[in-house]
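compute the structure for the input listed below.
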Amino acid sequence: MMFLFVAVLLNLFAGESCREEAKLVVKNAEEIVYQFNAGPLPPEYQRNFTVTLNKVNAKLRFQAYGKKPTEKTVKTGDAKFKEIMELAGKAEIRKDGEKKNDGCTGGTSESLKILDAKRIETFSGYVYHCGGTDYGDLTGDIKLLKTKITSFFPNEEYLK
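Predicted coordinates:
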């Protein structure tokens, strides 16, 4: 009976540490990489972009079907970077157990990476939106975070 009690306690503590690892790591963050892929759409609607954000700049790399990639960079600053990281916490961005795709195709995908000063990933997750269902391991208010990250480029209609 004592063995069963100890096994249950160990399982509870192990489960708690797994949940801790799933949270977005904010304190060592030096760079955020957000990616959006529009999926298989007609060429005039096809768009993919990446926003790389650090304490100095926000860099947008945009790729439209049949066109050369374009890049834009704007200054951000430490305060804006901290604001984004705090918002990610408030939006409850986290990595949960992966929800496997049941065969749905044609959706859009988003991914998020957080890197530390040594460019080591401290967080990485993705979500695939398809047929009204979200697949992948990234949860929370991704739309809120995307809106804030893309707000550094207000004149880019394709980010909406």
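
alpha carbons only for contacts and neighbour counts from here, please
Will do.

what's stretch 36-53 in contact with?
Surrounding stretch 36-53, the residues in contact under the criterion CA atoms under 8 Å, 6 or more residues apart in numbering are 31-35, 58-66, 81, 106-111, 149-150, 158.

next step: those restricted to strands.
31-35, 58-64, 108-111 (DSSP state E).

mind listing the helices for the protein?
Applying DSSP state H to the chain gives helices spanning 2-22, 78-90, 142-150.

just the mean pLDDT for the last one, thanks.
For helix 142-150, the mean pLDDT works out to 91.

endpoints of stretch 63-74, how far apart?
Taking CA to CA, to the nearest Å, the first and last residues of stretch 63-74 lie 18 Å apart.

from here on, call the first residue 886.
With the count now opening at 886, the last piece we talked about shows up as stretch 948-959.

in it, what's buried?
Within stretch 948-959, the residues that count as buried by 16 or more other CA atoms under 10 Å are 948-949.

what's in contact with that stretch?
Contacts to stretch 948-959, defined as CA under 8 Å, 6+ apart, come from residues 928-929, 931-934, 942-947, 1037.

spatially, what comes nearest to the spatially most central residue of the chain if we skip its sequence neighbours?
Computing the C-alpha centroid of the chain and ranking residues by CA atoms, centre = their mean puts residue 997 first, at 2.3 Å. Taking CA to CA, 6 or more residues apart in numbering, and ignoring the residues beside it in sequence, residue 997 has residue 919 as its nearest neighbour in space, at 4.7 Å.
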